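**Student:** Turn this into a model:
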Amino acid sequence: MNRRQQLEEFWEDVEILRRKTILCVSALLAKHDLTHPQGLALLVLGDHEGLGVKDIAGFFGVTSSAATQLLDGLLKKGYIQRKQNSTDRRALVITLTPKARRFFVAMKKHQLALSEKILSVLNDSELSNYAKYMKKIVEQMEAMPIRNGSCPLH
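**Tutor:** Next up is the predicted model:
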């Protein structure tokens, strides 16, 4: 298999992982009356509490208006609160409610169990190598600038 074929297979595999992961968490999301985007937003807020609307918009690559709609849904369901920023009274920060914290803990536990199941096909050495390669790929992606919804490729 040449490099181009390997790269094409890489994207096919990424899509399979994305699709299967969504299916594997859909029951947990339904149990908490959450959509997939809402669940992702709560995971982001759980890891980075105190973000504002613009931060959430930037994280997901959407407009502030779209982020506001997503957050409004979470607010109505009792998962988040909007509080005044202590350093900038004009800005609001998003905080998790106890209900959201329970979801966050449940989702993290579910992610760990899912990871253990998926990666059980690797021995310790293979898992170590996989983690090293994945870290290298993530660092490369993190270093890529995103402008106007696109990554410059040259």
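**Student:** Just give the nearest non-adjacent residue to I146, would you?
**Tutor:** G61 (7.1 Å; Cβ to Cβ, 6 or more residues apart in numbering). Just so you know, the C-beta spots here come from the backbone N, C-alpha and C atoms, and that holds for glycine as well.
**Student:** Three-state assignment for R82, please.
**Tutor:** State at R82, reduced to three classes by DSSP: H, G, I helix; E, B strand; the rest coil: strand.
**Student:** Tell me who's in contact with the residue most central in space within the chain.
**Tutor:** A centroid search over the chain (Cα atoms, centre = their mean) returns L40, at 4.8 Å, as the residue closest to the centre. By Cβ atoms under 8 Å, 6 or more residues apart in numbering, the contact list for L40 reads F60.
**Student:** Distance of it relative to F59?
**Tutor:** Distance, L40 to F59, using Cβ to Cβ, to the nearest Å: 9 Å.
**Student:** try S26
**Tutor:** 22 Å.
**Student:** and the one helix or strand the residue nearest to the centre of the chain maps to, which residues are buried?
**Tutor:** L40 is located in helix 36-47, with elements delineated by DSSP states H and E. Judged by neighbour count using 16 or more other Cβ atoms under 10 Å, the buried positions of helix 36-47 are P37, Q38, G39, L40, A41, L42, V44, L45, G46.
**Student:** which residues are contacting whatever helix or strand comes next after it?
**Tutor:** Later in the chain than helix 36-47, the nearest helix or strand by DSSP H and E is helix 53-60. Contacts to helix 53-60, defined as Cβ under 8 Å, 6+ apart, come from residues 37, 40-41, 44-45, 48, 51, 63-64, 66-68, 70-71, 92, 94.
**Student:** What is the nearest of the residues you listed to S115?
**Tutor:** Using Cβ to Cβ, L40 is the member of the contacts of helix 53-60 that sits closest to S115, with 16.7 Å.
**Student:** And the closest one, what's its pLDDT?
**Tutor:** The confidence metric pLDDT takes the value 95 at L40.
**Student:** ok so, going back, closest to Q5 out of the buried residues of helix 36-47?
**Tutor:** L40 (31.4 Å).
**Student:** what separates that closest one from V93, distance-wise?
**Tutor:** L40 is 19 Å from V93, by Cβ to Cβ.
**Student:** what does V44 give?
**Tutor:** From V44 to V93 the distance is 13 Å (Cβ to Cβ).
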